[in-house]
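Peer 1: Just need the structure, nothing else, for what follows:
(chains A and B, ligands or ions: 2)
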Amino acid sequence: MTRHVAVVGAGPAGLAAAAGALRAGARVTLLDAAENPGGQYHRMLPDAYAAADPGRLHHGWRGFVRLRDHVLGHARCDWWPESTVWSLEREGEGAPHVHVLRGEADAMGRERRVLRPDALVLAPGAHDRVLPFPGWELPGVHSAGAAQALAKGERVAVGGHVLIAGTGPFLLPVAASLLEAGSAVRAVLEAGPAATVARGWTRRPRELASETGKAAELAGYAALLARHRVPYRTGRAVIEARGDGRVEEAVTARLRPDWSVVPGTEKTVTVDALCVTHGFSPQLELPVAAGCRLRNGGGSVEVDGDQRTTVAGVYAAGEITGIAGAQAARTEGLLAGWAAGGGASDSPVAAAARRRRDRGRAFAARLAAAHPVGAAWRGWLRPGTVVCRCEDARYGDLLDAARDPAGASARAVKLGTRAGLGPCQARVCGPAVTELLSGLVDAANPHHRPIAQPIRLGELANPPTGTTDQEESAR
Amino acid sequence: MSPRLVRADRDATGRRDVPLHITVDGVPLTGIAGQTIAGVLMAAGRTAWRESPSGTPRGVFCGIGACFDCLVTVNGVRDVRACRRRARDGDAVATQSRAGREAR
Ligand SMILES: Cc1cc2nc3c(=O)[nH]c(=O)nc-3n(C[C@H](O)[C@H](O)[C@H](O)COP(=O)(O)OP(=O)(O)OC[C@H]3O[C@@H](n4cnc5c(N)ncnc54)[C@H](O)[C@@H]3O)c2cc1C
Ligand code: FES
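Peer 2: Ligands and ions are numbered 1, 2, ... in the order given. Next up is the predicted model:
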């Protein structure tokens, strides 16, 4: 019988994984929580916008459309839009069973389905990482990804006068999107020092040449900022947001290389929106549910040369294996799908994909080296600074709980302050809280959530329909 | 100024707007078909529509369904992520508050 591969996520990694598995001869079920494929990078406009030229907002649009049409139109591919995987269940030796909710986001009465594939490719991507600072909970302060999602995905500009701050190359496409949407970008502030950024970007130029697409994209952003006279400053960060009920001004300051504030360098900038990013957090709920081993201190999924995780039948691709951008995600996906679909590891397809993946990864490692997060960021916090947005847990409470003379564990701190116990289940505050508590209490695995995505009790009570691994058509 | 929708006649994507009407806490609001509920609210100039446990206002933070800051009640169903749910003509949206109720 033809192998059945389920692919979770239809971003650059998942879409390419579907193509790889199809190429290896497998039957594919590709699913995504969104209505359209593309993920965060090729976030599409809603069909209802009937856009005449949707590609205007995208890099590599033609390649994306070709891949999308090939995969979604393939006779062996089933496309499941608006399908959220809420849990994975291991039974015996095979790939885990995939529990899916189909229907509108967070609606009642979504259809419950269970897939029993021969192999599973996980490609759920990442979300922004934002370090806490005083005032970051004010409305009008957004993750940079939110600004990007709103501008690209529905043509909403988050503000008229916007400051973009944080660290990493992602600051640049966000600035480009906001300028395109008509916002005035006050400045782009990279917290890292100029020397580190420059060293990371210019080391081994030959490597850069092989990633010409990315280099050209970045050069384009630099030109765009210059044209709009948007200052790009290194070694400067937003250390506070202020406003009455919404952000009205941002306080910026010069930073030392460890991200401690240089006293007396504070400046106040009037804004109506502030976009912040300090890198990305891979969405590790599904790989953790599948039992995949993590690496880098729990920061990403461990994979072998063919994108195999440590769990039989489970492959991982894209941002969950390490933040490397859309290009690397695509080649990883292709390789993962090929292997999951039964393609030979020594075939030319696999060898070529591996080479391209390794180049993409090397480029990413370099960018990461150019944008490390400085440990002294905690100096921006005050006792009253909200650390956990969901529960309004404050930095001072966290420290008090951790220093409890009765002895504290991560669990006790959590229960005492409720940090990480709100609706987002520590997706946002998890990495920061772990870092702030390090050395004070033993940390717990921040990615363990019994349920990967919210499911309503009524839905849980209903038995799944159509539990099957048979051919099924979407919608 | 506030968040806003790129005007259709200036939008390089050449989109066509089909108006859509929802109510938010009983007040009518016009959006366009395809927008999320968060998109409709933001395009109408709103930055906040929820209250945290200590009563501070919240709106969109992550924009992709990870932070749960943007929760609303839609047609009587609580805890819907406004940034993930497409608005539909006639939707009755109610804002939510966690103030007091679950605060420490
Ligand atoms: C908000 C945001 C905007 C970004 N914009 C850009 C940009 O403009 N330019 C850039 O260079 N980089 C951008 N990035 C970086 C981006 O992570 C990568 O460049 C690239 O999109 C990663 O590809 P991926 O396939 O690994 O993941 P993604 O593109 O994130 O795709 C993952 C897909 O999985 C789906 N998914 C996740 N969990 C589930 C589940 N449980 N059930 C079903 N489906 C699920 C998601 O809906 C998504 O479509 C952005 C990141 C974020 C968070
Ligand atoms: S803004 Fe984060 S979940 Fe909607």
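
Peer 1: Report the secondary structure state of the residue in chain B that ligand 1 sits nearest to.
Peer 2: In chain B, no residue comes nearer to ligand 1 than B:Ile64, which is 4.7 Å away by C-beta to the nearest ligand atom. C-beta: built from backbone N, CA, C; applies to glycine. Put simply, B:Ile64 is coil when judged by DSSP: H, G, I helix; E, B strand; the rest coil.

Peer 1: In space, what's closest to it - neighbours in sequence excluded?
Peer 2: Nearest non-adjacent residue to B:Ile64, counting by C-beta to C-beta, 6 or more residues apart in numbering or on different chains: A:Ala149, 5.5 Å away.

Peer 1: Doesn't that neighbour lie inside a helix?
Peer 2: Yes. Assessed by three-state DSSP, A:Ala149 belongs to a helix.

Peer 1: What is the burial count for the nearest residue to B:Val6 once chain neighbours are set aside?
Peer 2: Distances taken as C-beta to C-beta, 6+ apart place A:Arg155 nearest to B:Val6, at 4.3 Å, with adjacent residues excluded. Using other C-beta atoms under 10 Å in any protein chain shown as the criterion, A:Arg155 is surrounded by 30 other residues.

Peer 1: what does the model give A:Arg155 for pLDDT?
Peer 2: Looking at A:Arg155, its pLDDT stands at 98.

Peer 1: Where does the prediction get shaky in the stretch 351-475 of chain A?
Peer 2: Judged by pLDDT under 70, the stretch 351-475 of chain A has its weakly predicted residues at A:407-408, A:443-448, A:450, A:466-475.

Peer 1: Let me see the ranges of the strands in it.
Peer 2: A:386-388, A:393-394 (DSSP state E, counting those that start in this stretch).

Peer 1: now swap in chain B and tell me
Peer 2: Here chain B has its strands, by DSSP state E, at B:4-5, B:19-24, B:27-32, B:50-51, B:57-58, B:71-74, B:77-81, B:92-97.

Peer 1: Mean neighbour count for those - can I get that in TSV?
Peer 2: Conversion of the strands of chain B to TSV gives the following (neighbours: other C-beta atoms under 10 Å in any protein chain shown):
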stretch	mean neighbour count
strand B:4-5	20
strand B:19-24	16
strand B:27-32	16
strand B:50-51	19
strand B:57-58	22
strand B:71-74	22
strand B:77-81	18
strand B:92-97	17
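
Peer 1: Mind putting these into CSV with distance to A:Ser83 and mean pLDDT?
Peer 2: Shown next, in CSV, are these (distance: least, C-beta to C-beta, whole Å; pLDDT from 0 to 100):
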stretch, distance to A:Ser83, mean pLDDT
strand B:4-5, 28, 96
strand B:19-24, 24, 98
strand B:27-32, 25, 97
strand B:50-51, 27, 96
strand B:57-58, 28, 97
strand B:71-74, 20, 97
strand B:77-81, 16, 96
strand B:92-97, 24, 96
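
Peer 1: What pLDDT is listed against the residue positioned nearest the centre of chain A?
Peer 2: Nearest to the mean C-alpha position of chain A, by C-alpha atoms, centre = their mean, lies A:Ala126 at 1.7 Å. A:Ala126 is assigned 97 on the pLDDT scale.

Peer 1: so A:Gly25 makes contact with A:Ala344?
Peer 2: No. Using C-beta atoms under 8 Å, A:Gly25 is not in contact with A:Ala344; the gap is 11.2 Å.

Peer 1: who's in contact with A:Glu332?
Peer 2: Taking C-beta atoms under 8 Å, 6 or more residues apart in numbering or on different chains, we find A:Glu332 in contact with A:Ala13, A:Ala16, A:Gln307, A:Ala317, A:Gly318, A:Thr321, A:Ala324, A:Arg357, A:Gly360.

Peer 1: hmm, back to that, the residue of chain B closest to ligand 1 against A:His142, yeah?
Peer 2: No. Using C-beta under 8 Å, B:Ile64 makes no contact with A:His142, being 11.0 Å away.
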